[in-house]
Each structure stands twice: as C-alpha cells, then as structure tokens.
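[1] how does the following fold in three dimensions:
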Amino acid sequence: MKIGILQTGHSPDNMKDQLGDYGEMFTKLLGGHDFDFQIWSVVDGDFPASAVDADAWLITGSKFGAYEDHDWIPPLEQLILAIRETGRPLVGICFGHQIIAQALGGKVEKFDGGWSVGPTEYIVNGQPMALNAWHQDQVTTLPKGAKVVGSSDFCANAALLYDDQIWTIQPHPEFSADFIDGLIRTRGKGVVPDEQLAAAAKRLDTPTNNADIADFIADFLKKERP
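    Residues are numbered from 1 along each chain as shown. As a prediction, this is how the structure comes out:
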C-alpha cells in the first residue's frame, strides 16, 4: 500500500540531520506496517499529479498557519477536496488537522488561550493518551460532518473524524522527547512564554502514546471501505 505524505513544513536546520525532516518522521512512525511511502514537499511547491497517485494520504505539521497567504495553500486545499472525492483515506497531523478542517469549511485561528507545548493529556478515540503538543492555532469551528473524537482541557477539537474516511489530530505522535527539546531550545524562544517552555522541559520524560496512535493510523489507512 502506497502512502503519499504531503510535507507542509521542515524541521529546524540544526535538528534535521539527526532527528529527520517531517516526512521522514512519519515513515519512521509508520514503519513496520508494510507501507511504501512517497513524500511530496508541497511547502516547496512539489505536488502529486493527482489525488490517485497514492492509495492513502497523510498531511504533516508545519510552522505556518492554515489561514496564512502562501502560494501552496490553495492548491493543497484543492488536493484535499480531490482526495475526499476519491474516497481514499486521509490523515492530518497538527497543521494537517487544521488545513483539512479549513478546506472542508471549518475555521482555524490563533487561539486566544495561548500555546500548548510538550507532553499533554488527551482523550482520543475514548482512551486517555499522552501526546506531544506544539501549537497555538486551533480548529475553532467544525466543518459540516466532522465528529469530535479527541479533546483536551485546552483543545476542544483535538481529533476529528469525517465519515470514516478522514481522521485528523492536533498533537504530534511523530515528535519524540528529543525533538520537543530541540523546539524548546530553538523555535520556542521568544515565541512561547519562557515559563511555559521551562514547564514543558520538565515534563519531557513523560511516557507518550505515540506507538498506540501509530498503530491506530496504520489500521485506519488499511481499513477496508465500501
């Protein structure tokens, strides 16, 4: 089964060689599930020719906002609509969660409650889970047909399901503690409040449910559909 990964951002340059770029993180996260992968760096204008170039799709995270004016965002939204028309499964993570909601008629905005950073407790698919967060933007208005299947005290719409074809989540199952540590020391400085970065750093040894979410995503992508 071929999984098309639509990469919408890049790891910080000083972390990329050791910890991987965003697309590579997902090939590692979903390794061992008999998938073949192709990465299209849509953030750099590299798009698949059509929505049927892969059997299933995944959209990564990004430092950009879904509502920002970038040349690659409108064609990505059109691709999301085309994928939905094919009936092929689609998964979105963080920015992917947000851009899918926006493309399908929802609203994404900078949350006035601030940031969520580091290991965070969620209820996902009815189960308590700890996952790494790194976001201020949130889906604040649901698209028609979206069902909330995950939330936290901070993020009400943390995971969404659309007609059993599209599943999206706000936190990052692909982010390791080392990667969060790197973000705290690089992109977080001067952006996220210092006290919040310090609190997240103290929680970095919290066990996460990354492997559980990886298994769920793999099963979701492989699931037989009418």
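
[2] from now on I want contacts and neighbour counts done on CA atoms only, so please keep to that.
    Fine.

[3] phi first, then psi, for the residue nearest to residue 176 when sequence neighbours are not counted.
    Distances taken as C-alpha to C-alpha, 6 or more residues apart in numbering put residue 132 closest to residue 176, at 7.8 Å, once the chain neighbours are dropped. Dihedral pair for residue 132: phi -80, psi 130, per degrees, to the nearest 10.

[4] same question, residue 21
    phi -80, psi 170.

[5] and the gap between it and residue 97?
    As judged by C-alpha to C-alpha, to the nearest Å, residue 21 and residue 97 stand 18 Å apart.

[6] those two: which is more packed in?
    Legend: neighbour count by other C-alpha atoms under 10 Å for residue 21 and residue 97, higher for residue 97 (29 against 17).

[7] neighbours around residue 4, how many?
    Residues near residue 4, counting by other C-alpha under 10 Å: 23.

[8] let me fix that: residue 85
    The tally of other residues near residue 85 (other C-alpha under 10 Å) stands at 10.

[9] do the same with residue 18
    Neighbour tally, residue 18, other C-alpha under 10 Å: 9.

[10] so how far is the helix or strand where it lies off the chain centroid?
    For residue 18, the host element (DSSP states H and E) is helix 13-19. Relative to the chain's own centre, helix 13-19 is displaced by 19 Å; criterion: C-alpha atoms, centre = their mean, to the nearest Å.

[11] over to stretch 159-170?
    Centre-to-centre, stretch 159-170 and its host chain are 11 Å apart (C-alpha atoms, centre = their mean).

[12] can you pull out the residues in contact with it?
    The contact list for stretch 159-170, computed with C-alpha atoms under 8 Å, 6 or more residues apart in numbering, reads 84, 87-98, 124, 133, 138, 145-151, 158.

[13] now, which of the residues you listed lie within strands?
    90-93, 124, 133, 138, 146-151 (DSSP state E).

[14] now the helices for this protein?
    In the chain, the helices defined using DSSP state H lie at 13-19, 22-29, 73-86, 95-103, 177-185, 194-202, 210-222.

[15] same for the first one, what does it pack against?
    Right, the one you point to is helix 13-19. Packing partners of helix 13-19 (3 or more C-alpha pairs under 8 Å, 6 or more residues apart in numbering; DSSP states H and E): helix 177-185.

[16] please, a ChimeraX command that selects the buried ones among the ones in strands among the contacts of stretch 159-170?
    Buried subset of the ones in strands among the contacts of stretch 159-170, written as a ChimeraX selection, criterion 16 or more other C-alpha atoms under 10 Å:
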select :90,91,92,93,124,133,138,146,147,148,149,150,151
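
[17] take the ones in strands among the contacts of stretch 159-170 and lay them out in CSV including pLDDT.
    Converted to CSV, the ones in strands among the contacts of stretch 159-170 look like this (pLDDT from 0 to 100):
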residue, pLDDT
90, 98
91, 98
92, 98
93, 98
124, 98
133, 96
138, 97
146, 98
147, 98
148, 98
149, 98
150, 98
151, 98
